[in-house]
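Chemist: Okay, sequence plus prediction incoming.
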Amino acid sequence: MAQTTKRALAASLKELLLQKPFHKITISDITQHCGVNRMTFYYHFHDIYDLANWTFEEDAARLLSGRMSAQDWRDGFLAILQELRKNRQMILNVCRSVDRQTLDRYLCKAMCRLLNGVLDEMPGGRDLSQEDRDFIVSFYAHAITGIILEWADSGLKEEPEALARRTDRLCLCSIDRVIETFLREEG
């Protein structure tokens, strides 16, 4: 029951984001749209940012499910891009009203999850020290997040498939070499 209510609140937030920017949406807007009272909202979430964070994490987990390996990562990345494109108006309303640091944090978290799965399957990926592994994942997650945010700033015009293909080529070619270099320097 709790998950159903949380999903209903998330769906209301998404629908409202089609109509207006994030910073203009209130908890009252969400609860009225969803047909629940404010106490129900506060039972599940601290504030609207907590709801937005939960919504993003749920969507990211759904999109990345089963796509966290070196072979499947492009599909996971493409699924994220396609979802962003499909929800263009909602995403643009979020981008116009939420600071870039918050967007970066949300996207980076999803990319880190995806890239950790990729590193697990790359030759030598599991042999890296945790410090080096975290650094590599963070580096690529921030790079990819920057590409996504620039794409959003441009109005999500480029086709998701083209962006995913180019990012895949760049990342998979260079991650192999980065792992080799880090392992060579550790040994």
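Modeler: Nice, I can see it. Numbering: from 1, shown residues only.

Chemist: hmm, which helix or strand of the chain has the shakiest average pLDDT?
Modeler: helix 88-97 (a mean of 78; mean pLDDT, DSSP states H and E).

Chemist: elements contacting that helix?
Modeler: helix 2-17, helix 130-153 (3 or more Cβ pairs under 8 Å, 6 or more residues apart in numbering; DSSP states H and E). (Each C-beta comes from the backbone N, C-alpha and C, glycine too.)

Chemist: quick one: average pLDDT of the shortest one?
Modeler: Same thing as helix 2-17. The average pLDDT within helix 2-17 is 91.

Chemist: List the buried residues in it.
Modeler: Buried residues in helix 2-17, counted by 16 or more other Cβ atoms under 10 Å: K6, A8, L9, A10, S12, L13, L16, L17.

Chemist: do the same with stretch 101-113
Modeler: Under the neighbour-count criterion of 16+ other Cβ under 10 Å, stretch 101-113 has L103, D104, Y106, L107, C108, K109, A110, M111, C112, R113 buried.

Chemist: Turn those residues into a markdown table, columns for distance to D127, secondary structure and pLDDT.
Modeler: Listed next are the buried residues of stretch 101-113 as a markdown table, based on distance: Cβ to Cβ, whole Å; DSSP: H, G, I helix; E, B strand; the rest coil; pLDDT from 0 to 100:
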| residue | distance to D127 | secondary structure | pLDDT |
| --- | --- | --- | --- |
| L103 | 33 | helix | 78 |
| D104 | 30 | helix | 84 |
| Y106 | 30 | helix | 80 |
| L107 | 28 | helix | 82 |
| C108 | 24 | helix | 88 |
| K109 | 25 | helix | 84 |
| A110 | 25 | helix | 80 |
| M111 | 22 | helix | 83 |
| C112 | 19 | helix | 87 |
| R113 | 21 | helix | 81 |
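
Chemist: Turn these into a markdown table, columns for distance to V137.
Modeler: Output for the buried residues of stretch 101-113, formatted as a markdown table (distance: Cβ to Cβ, whole Å):
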| residue | distance to V137 |
| --- | --- |
| L103 | 19 |
| D104 | 15 |
| Y106 | 16 |
| L107 | 14 |
| C108 | 10 |
| K109 | 11 |
| A110 | 12 |
| M111 | 8 |
| C112 | 5 |
| R113 | 9 |
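
Chemist: ok, which pair from those is furthest apart?
Modeler: Taking Cβ to Cβ as the measure, the buried residues of stretch 101-113 span a maximum distance of 16.4 Å, between L103 and R113.

Chemist: if I look at L114, how far off is E150?
Modeler: Distance, L114 to E150, by Cβ to Cβ, to the nearest Å: 19 Å.
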